[in-house]
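*Asks:* fold the following for me, if possible:
(one chain, ligands or ions: 1)
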Amino acid sequence: MKKLLLFAAAGLCCAAGANAQDINLPEPQTTGGMPLMEAIAARRTVRAYSERPLAPQTVADLLWSAWGISSADGKRTVPTARNQQDIDVYAVMADGTYLYDAKNNLLKQVTTEDLRPLLAKQDFVSSAPLHLLFVSANKKYGGMHAGSMYQNVGLACTSMGLANVVRGMIDNEQLKQKLNLPEEEEVIISQTIGYPAE
Ligand SMILES: Cc1cc2nc3c(=O)[nH]c(=O)nc-3n(C[C@H](O)[C@H](O)[C@H](O)COP(=O)(O)O)c2cc1C
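*Replies:* A predicted model of the protein is given here:
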């Protein structure tokens with residue numbers, strides 16, 4: 001609820017076309033940041049997180065870097081085999097879990113349940129405010145697509161002074177049930193994001 005209130009207070013909730021419980025994101029900022037080669041050099045896995053919440057703009061920018069639309073013909077920030085775009089990104093936060101809808105630039109609420117315990121197989125994870133889940137039915141290429149996405153996000157985090165860790169140590173089956181995924185879809189991997197611990 002805290003995070004939802006943060007978005008609502010910023011006047012970002014409930015625009016036309018979105019359900020009341022969905023979150024309209026600010027337009028992603030797609031310029032600036034650290035020079036790419038410096039971000040590649042500085043990228044590192046971090047395993048100690050502050051509870052400090054992320055601003056809506058930061059969440060929007062990270063989601064865009066993972067799976068945003070970056071050209072007028074609908075192509076994305078990462079490549080997919082035959083441009084099938086058969087992957088989804090979910091944002092797990094304290095007040096619920098949301099499906100990223102890049103076309104409408106919003107987070108569609110999937111559940112209000114706090115799913116973070118299903119991710120917290122390592123103690124440091126529980127203090128982080130945001131976790132991304134990469135979900136696909138593509139057995140051949142889904143992992144590759146997820147890898148492109150978490151690398152984009154990892155570099156964006158580095159550029160923004162945020163910490164992140166890619167995590168396979170999650171309860172994939174429970175998450176699949178809670179997200180009500182169809183049989184063929186799998187939660188491939190997760191990525192934990194937040195400010196580094198002081
Ligand atoms: C597919 C994948 C799964 C990973 N799973 C975990 C995990 O469950 N827990 C964890 O603490 N780190 C995990 N990591 C992070 C790696 O341990 C980390 O990338 C590696 O130690 C190298 O460190 P670096 O990212 O700082 O270069 C994972 C990384 C990848 C790419």
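*Asks:* how about the residues of this structure by the ligand?
*Replies:* Counting by CB under 6 Å from any ligand atom, the chain comes close to the ligand at Arg44, Thr45, Arg47, Gln122, Val165, Val166, Arg167, Gly168, Met169, Ile189. Where you see a C-beta, it was placed from the backbone N, CA and C, and this is true even at glycine.
*Asks:* out of those, which are buried?
*Replies:* Neighbour counting with 16 or more other CB atoms under 10 Å marks Val165, Val166, Arg167, Ile189 as buried within these.
*Asks:* can you list which of those are found in strands?
*Replies:* Of these, the ones assigned to strands by DSSP state E are Val165, Val166, Arg167, Ile189.
*Asks:* which neighbouring elements make contact with whichever strand or helix holds Ile193?
*Replies:* Using DSSP states H and E, Ile193 falls within strand 186-194. Taking 3 or more CB pairs under 8 Å, 6 or more residues apart in numbering; DSSP states H and E as contact, the helices and strands that strand 186-194 lies on are strand 130-136, helix 142-160, strand 163-167, helix 172-178.
*Asks:* out of these, indicate the one that is most buried.
*Replies:* Most buried of the helices and strands packed on strand 186-194, by mean neighbour count (mean count of other CB atoms under 10 Å): strand 130-136, with a mean of 24.
*Asks:* assign Asp86 to helix, strand or coil.
*Replies:* coil (DSSP: H, G, I helix; E, B strand; the rest coil).
*Asks:* mind saving the C-alpha coords of stretch 152-169 as CSV?
*Replies:* What follows is stretch 152-169, C-alpha atoms only, in CSV (Å, rounded to 0.1, in the frame of the first residue of the first chain):
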residue,chain,number,x,y,z
ASN,A,152,19.8,-3.7,-19.8
VAL,A,153,18.3,-3.2,-16.3
GLY,A,154,21.6,-4.0,-14.6
LEU,A,155,23.4,-1.3,-16.7
ALA,A,156,20.5,1.2,-16.1
CYS,A,157,20.8,0.5,-12.3
THR,A,158,24.5,1.1,-12.5
SER,A,159,23.9,4.4,-14.3
MET,A,160,21.4,5.5,-11.7
GLY,A,161,23.4,4.5,-8.6
LEU,A,162,21.1,1.6,-7.9
ALA,A,163,22.0,-1.9,-6.8
ASN,A,164,20.7,-5.1,-8.4
VAL,A,165,21.2,-8.8,-8.4
VAL,A,166,19.9,-11.4,-10.9
ARG,A,167,18.4,-14.3,-8.9
GLY,A,168,17.5,-17.8,-9.9
MET,A,169,16.9,-18.8,-6.2
